[in-house]
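# got a structure for you, letters missing:
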C-alpha cells in the first residue's frame with residue numbers, strides 16, 4: 001500500500017519542498033498519481049550547473065523549456081538558477097524568469113559565472129514590477145537595466161554582487177522604488193560604470209557596501225539602520241554625505257582615515273563598533289564591545305590630526 005500518497009496534500013508539498021529539485025522531479029516515476037505532482041505543487045525550484053559541461057547545460061535547457069511553462073503552483077517561493085557562460089542564451093533565461101514572475105514568485109536568485117567582459121542582459125523588465133517579489137539576489141556580470149516604470153512593493157532583501165549597470169542612476173532608481181526594503185548588500189567589481197553610491201531608503205535596517213573601484217560620491221540617508229558594514233580601500237577620497245543613524249547598533253567600517261573622520265559623527269549610537277584603518281605600515285583594528293558611544297556625552301569621541309581618540313571606552317588594538 002502506498003501510504004505516502006495518502007498523506008494530506010499540504011504535508012506532501014512540505015516534503016517535496018525539502019528535496020533538491022532533481023530529486024523532487026524524479027518522484028514522477030513512482031506511479032501515475034505522482035506523474036505531475038511536483039509540477040503542480042513544488043514551491044521551490046533550484047537549477048544549478050556545477051561544472052562547465054556543455055551537455056549538462058543542454059539537458060537543463062531542454063528540461064526548463066519543456067517543463068517550466070507547465071508548472072502550475074499558485075505561488076513559487078523561490079527560483080534559483082546558476083549557470084556558466086556561454087552555454088545559455090540570454091533570451092532563454094529572460095523567458096524562464098518571465099515565467100516564474102507570472103507565477104507570483106517570492107524569491108529569485110541568479111548566479112552567472114563568467115568574466116567581466118561577458119555581461120548578460122538576462123532580466124526581463126517585468127521583474128522590476130513584480131508585486132510579490134520579497135528577495136532578489138544576483139551574482140556576476142548581469143546587466144541591471146532598470147526601466148523608468150519600476151516598483152517592487154514587497155521587496156525586503158536585495159543582494160547585488162559585481163553587477164554591470166546600464167547607467168549611472170540605475171541603482172539609485174531601483175532603490176528609490178523599494179518602499180519596504182530592509183536588507184541591502186552591494187558588492188562592486190573593479191572597473192564598473194558607477195561612480196556615485198546613493199542610498200536613500202528610510203526603511204532600511206541592514207546595509208553592506210563593499211567597494212571594488214573608486215567613487216566620486218557616497219550618500220547614505222538611512223534613519224532606521226541598525227547594522228552597517230562599509231569597506232572602501234581606494235586612495236581616491238569621494239565626497240561623503242552620511243546622515244545621522246540614531247538606531248544604529250552595530251557597525252564595521254574599513255575606510256581610509258579622511259572618510260572615517262566624516263563618518264564617525266553619524267555612528268555615535270552603536271553598541272558594537274569595529275574600525276579598520278589601513279596604511280602602508282600597519283593595520284589597526286579597534287573593537288568597542290562593552291560601551292555605547294553616546295553623542296550626548298561630551299568628548300566621548302574626538303578626532304585629531306593623528307587619528308581617532310576614544311575617551312572612557314574599552315578597546316583592544318592589534319597592530320601588524
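Received, thanks. Computed from a predicted structure; not experimentally measured.
# What lies in contact with stretch 209-218?
Stretch 209-218 is contacted from outside by 162, 186-192, 194-199, 229-234, 236, 238-242, 259, using CB atoms under 8 Å, 6 or more residues apart in numbering. C-beta: built from backbone N, CA, C; applies to glycine.
# which of these are buried?
Among the contacts of stretch 209-218, the ones that count as buried by 16 or more other CB atoms under 10 Å are 162, 186-188, 194, 197-199, 229-230, 232, 238, 240, 242, 259.
# Helices of the stretch 151-300 of the chain, residue ranges please.
170-175, 257-263 (DSSP state H, counting those that start in this stretch).
# Of the ones you listed, which shows the lowest average pLDDT?
Here the lowest mean pLDDT among the helices of the stretch 151-300 of the chain goes to helix 257-263, at a mean of 68.
# one step back: closest one of the buried ones among the contacts of stretch 209-218 to residue 271?
residue 229 (15.0 Å; CB to CB).
# which regions of this structure sit below the pLDDT cut-off?
1-7, 9-10, 12-41, 50-52, 116, 191, 256-262, 277-320 (pLDDT under 70).
# for it, longest helix please?
Longest helix of the chain, by residue count under DSSP state H: helix 54-67.
# Sticking with the closest residue to residue 79 other than its chain neighbours, tell me its helix or strand.
Nearest in space to residue 79, with sequence neighbours left out and distances taken as CB to CB, 6 or more residues apart in numbering, is residue 100 at 4.4 Å. Per DSSP states H and E, residue 100 falls inside helix 90-101.
# Torsion angles phi and psi at residue 135?
phi -130, psi 130 (degrees, to the nearest 10).
# Equivalent analysis for residue 125, please.
According to degrees, to the nearest 10, residue 125 has phi -60, psi -30.
# That one and residue 147 touch, don't they?
Yes. The criterion here is CB atoms under 8 Å, and residue 125 meets it with residue 147 at 5.1 Å.
# Residue 266 against residue 246, yeah?
No. Using CB under 8 Å as the test, residue 266 is too far from residue 246 to be in contact (9.5 Å).
# And the two? Which one has more around it.
residue 266 (22 against 12; other CB atoms under 10 Å).
# Settle this for me: residue 140 is touching residue 109, isn't it.
No. Counting by CB under 8 Å, no contact exists between residue 140 and residue 109, whose distance comes to 11.5 Å.
# who has more neighbours, the two?
Neighbours were counted for residue 140 and for residue 109 using other CB under 10 Å; residue 140 has more, 24 against 17.
# Contacts only, for that one.
Residue 140 sits in contact with 110-114, 161-162, where contact means CB under 8 Å, 6+ apart.
# One more: residue 137?
107-110, 157-159.
# So which residues of the stretch 51-200 of the chain form strands?
All strands of the stretch 51-200 of the chain, identified by DSSP state E, counting those that start in this stretch, fall at 78-84, 107-113, 135-139, 143-144, 157-161, 164-165, 183-187, 196-200.
# hang on, the earlier thing: got the contacts of residue 140 as a markdown table, with distance to residue 73 columns?
Listed next are the contacts of residue 140 as a markdown table, based on distance: CB to CB, whole Å:
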| residue | distance to residue 73 |
| --- | --- |
| 110 | 19 |
| 111 | 22 |
| 112 | 25 |
| 113 | 28 |
| 114 | 30 |
| 161 | 28 |
| 162 | 31 |
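# quick check, nearest of those to residue 208?
Nearest to residue 208 among the contacts of residue 140, with distances taken as CB to CB, is residue 161, at 10.4 Å.
# is it true that that closest one touches residue 142?
No. Counting by CB under 8 Å, residue 161 stays clear of residue 142, with 9.4 Å between them.
# out of those two, which sits in the busier spot?
residue 142 (24 against 17).
# now the more buried one, nearest residue through space, not along the chain?
Closest to residue 142 by CB to CB, 6+ apart is residue 112, at 5.3 Å.
# ok, now which ones touch the one you found?
Per CB under 8 Å, 6+ apart, neighbours of residue 112: 83, 85, 120, 122, 139-142.
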